[in-house]
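Colleague: fold the following, please.
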Amino acid sequence: MINVFHIVSNKHWTGAEQYTYDLVDRLRNDPDFYVEVVCRKRPIVLKQYRRLEIPISILPLKGVTDIDSPVRFARLLRKGKNIIHVHSFKDAFMAVMARRISENRDTRVVVSVHGVYKPKKNYMYTKLYKSIDCFVFSSEMARDAFLGKAKKTYADRAVVLRDSVCDSHIGTTVPELRRELGLDSHQALIMYHGKLAPEKGLDALLGALTHVDKSKYHLAIIGEGEPKYKAKIKGFIVAAGMVNNVTLLGFRDNILEYLRQADLGVLPSIQPEALGISNLEYMMAGKAHICSNNGAQPEYVHDGVNGILIPPGDEQALTNAINLLLNDTATRSRLGTQAQKDFEDHLDYPAFYKKMTDLYRHLLEAAPVVEIDVPQPEE
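Modeller: Below is the predicted model:
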């Protein structure tokens, strides 16, 4: 049996946490694996993971200066074959130090890189990168952005394993949105779901909608963000006279059941996406969607075939795309049907899960990489 420890330290529930949740949900029912989550004492995160009824270890996870967490975590690594799967480089410091302290050579550290990053070049991070057994990138774009000129250095430890999504039903009742929002039969339900942040392009989306006939749509926004940014969004909605056309629903469970009620989705990120999990969710739900073309999206979203790609921040292009899908239901249906087919053929979760667990096994068969040299604290 292989022990898999997923370490997550974010304050909020984001795409990285959902990625981990879905993977842990599969691993807990796989007889070849024991799985445990290591996280901070954050109520919204703990609430979600506790639904899986798995072991959870709560640690400070304060980064490179945190000595307590690796010492305590090392006690879980003394025996057996272990995979430490982390989802940020900050947590990777804790993982490699805990492995060193445990003195268990059958432990490997895997880092899933959930964003688009360039490697840091200071001494500590250079040592850290050399201590990681495998970097998992969700797209060719994210891999190339990180490796840059150092492809030869990390090529043998860099893997592109495109993320997937699955229908993780949590058990809460999902309301009928059209009735809840009071929509007329001729109004299309447009949906955005994800983090409420400037880099996600919500300003451009709301700006574009000021040029769309208000009788034709209602926008539902699902997700949470910083209070100041939420206040800014609400202020714009009021000032633009869109109160009856835009609703902020906050965080919701069972997101796919909401997406299935939508007529189309819009994901206009300004910042390049390493993959774009929300795009995959619209594809899985069989919905036409509009997204930016500045990240990894063009690797699986093909303009006019299974979605619509637009330049980031281009309000005019976004307005045109929204009007097209509002006025042409045949195109909307065609894009959604093809998106769902492409998801099932190339992006489904069982294929992703098999590749990930095969990677775990392969890493434990290979020799470990060089480890960070840290002093071993006294027990």
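Colleague: shaky segments in the stretch 151-300 of the chain?
Modeller: 151-152, 170-171 (pLDDT under 70).
Colleague: what's the span of stretch 145-163, first residue to last?
Modeller: As for stretch 145-163, its first-to-last residue distance stands at 17 Å under the measure C-alpha to C-alpha, to the nearest Å.
Colleague: for stretch 342-351, that is, sorry about that
Modeller: In terms of C-alpha to C-alpha, the two terminal residues of stretch 342-351 are separated by 13 Å.
Colleague: what's the offset of that stretch from the middle of its chain?
Modeller: A distance of 17 Å separates the centroid of the chain from that of stretch 342-351, by C-alpha atoms, centre = their mean, to the nearest Å.
Colleague: list the contacts of that stretch.
Modeller: Outside stretch 342-351, the residues that touch it by C-beta atoms under 8 Å, 6 or more residues apart in numbering are 22, 26, 162, 164, 165, 166, 280, 283, 284, 300, 306. For the C-beta atoms, the positions are set from N, CA and C on the backbone; glycine is no exception.
Colleague: can you pick the most crowded of the residues you listed?
Modeller: residue 283 (29 neighbours; other C-beta atoms under 10 Å).
Colleague: does that residue touch residue 340 like I think?
Modeller: Yes - the pair residue 283 and residue 340 passes the contact test of C-beta atoms under 8 Å, sitting 6.3 Å apart.
Colleague: neighbours around the nearest residue to residue 355 once chain neighbours are set aside, how many?
Modeller: Leaving aside its sequence neighbours, residue 355 sits nearest to residue 161 (C-beta to C-beta, 6 or more residues apart in numbering; 5.4 Å). By other C-beta under 10 Å, 16 other residues sit near residue 161.
Colleague: wait, residue 161 sits on residue 140?
Modeller: No - judged on C-beta under 8 Å, residue 161 makes no contact with residue 140 at a distance of 11.2 Å.
Colleague: buried sites along the biggest helix by length in the chain?
Modeller: In terms of residue count, the longest helix belonging to the chain (DSSP state H) is helix 349-365. Neighbour-count burial for helix 349-365 flags 349, 352, 353, 356, 357, 359, 360, 363, 364 (criterion: 16 or more other C-beta atoms under 10 Å).
Colleague: do the same with stretch 338-350
Modeller: Those buried within stretch 338-350 under the rule 16+ other C-beta under 10 Å are 338, 339, 340, 342, 343, 347, 349.
Colleague: repeat that for stretch 300-311.
Modeller: Within stretch 300-311, judged by 16+ other C-beta under 10 Å, the buried ones are 300, 301, 302, 306, 307, 308, 309, 310.
Colleague: mind saving the C-alpha coords of that stretch as PDB?
Modeller: Below are the C-alpha coordinates for stretch 300-311, written out as PDB (Å, rounded to 0.1, in the frame of the first residue of the first chain):
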ATOM      1  CA  TYR A 300      -8.300  22.300 -25.500                       C
ATOM      2  CA  VAL A 301     -10.800  25.000 -26.400                       C
ATOM      3  CA  HIS A 302     -11.000  25.600 -30.200                       C
ATOM      4  CA  ASP A 303     -12.600  28.800 -31.300                       C
ATOM      5  CA  GLY A 304     -16.000  28.300 -32.900                       C
ATOM      6  CA  VAL A 305     -15.800  24.500 -32.500                       C
ATOM      7  CA  ASN A 306     -16.300  23.800 -28.700                       C
ATOM      8  CA  GLY A 307     -16.200  27.300 -27.300                       C
ATOM      9  CA  ILE A 308     -15.400  30.900 -28.100                       C
ATOM     10  CA  LEU A 309     -11.900  32.400 -27.500                       C
ATOM     11  CA  ILE A 310     -11.500  36.200 -27.100                       C
ATOM     12  CA  PRO A 311      -8.500  38.500 -26.200                       C
END
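Colleague: run the chain-centre distance for that stretch.
Modeller: In this view, stretch 300-311 has its centroid 20 Å away from the chain centroid, taken as C-alpha atoms, centre = their mean.
Colleague: hang on, the earlier thing: quick one: which of the buried residues of stretch 338-350 is nearest to residue 116?
Modeller: Checking the buried residues of stretch 338-350 against residue 116 with C-beta to C-beta, the nearest one is residue 347 at 19.4 Å.
Colleague: and for residue 213, the neighbour number?
Modeller: Look at residue 213: counted by other C-beta under 10 Å, it has 10 neighbours.
Colleague: please read the previous query as pertaining to residue 1.
Modeller: By the other C-beta under 10 Å criterion, the neighbourhood of residue 1 contains 10 residues.
Colleague: for residue 289, see how far away it is.
Modeller: With distances defined as C-beta to C-beta, to the nearest Å, the gap from residue 1 to residue 289 amounts to 40 Å.
Colleague: swap in residue 361?
Modeller: The span separating residue 361 from residue 289 equals 35 Å under the rule C-beta to C-beta.
Colleague: got it, and residue 246?
Modeller: With the distance defined as C-beta to C-beta, residue 246 ends up 18 Å from residue 289.
Colleague: okay, the two: which has more neighbours?
Modeller: The residue with more neighbours, out of residue 246 and residue 289, is residue 289; 31 against 23, by other C-beta under 10 Å.
Colleague: so that one is in contact with residue 280, correct?
Modeller: No - counting by C-beta under 8 Å, residue 280 is not a contact partner of residue 289; they are 10.1 Å apart.
Colleague: next, residue 106: phi, psi?
Modeller: phi -100, psi 40 (degrees, to the nearest 10).
Colleague: wait, what's in contact with it?
Modeller: Contacts for residue 106 (C-beta under 8 Å, 6+ apart) come out as 80, 81, 82, 364.
Colleague: 6 Å - rerun?
Modeller: For residue 106, the contact set (C-beta atoms under 6 Å, 6 or more residues apart in numbering) comprises residue 81.
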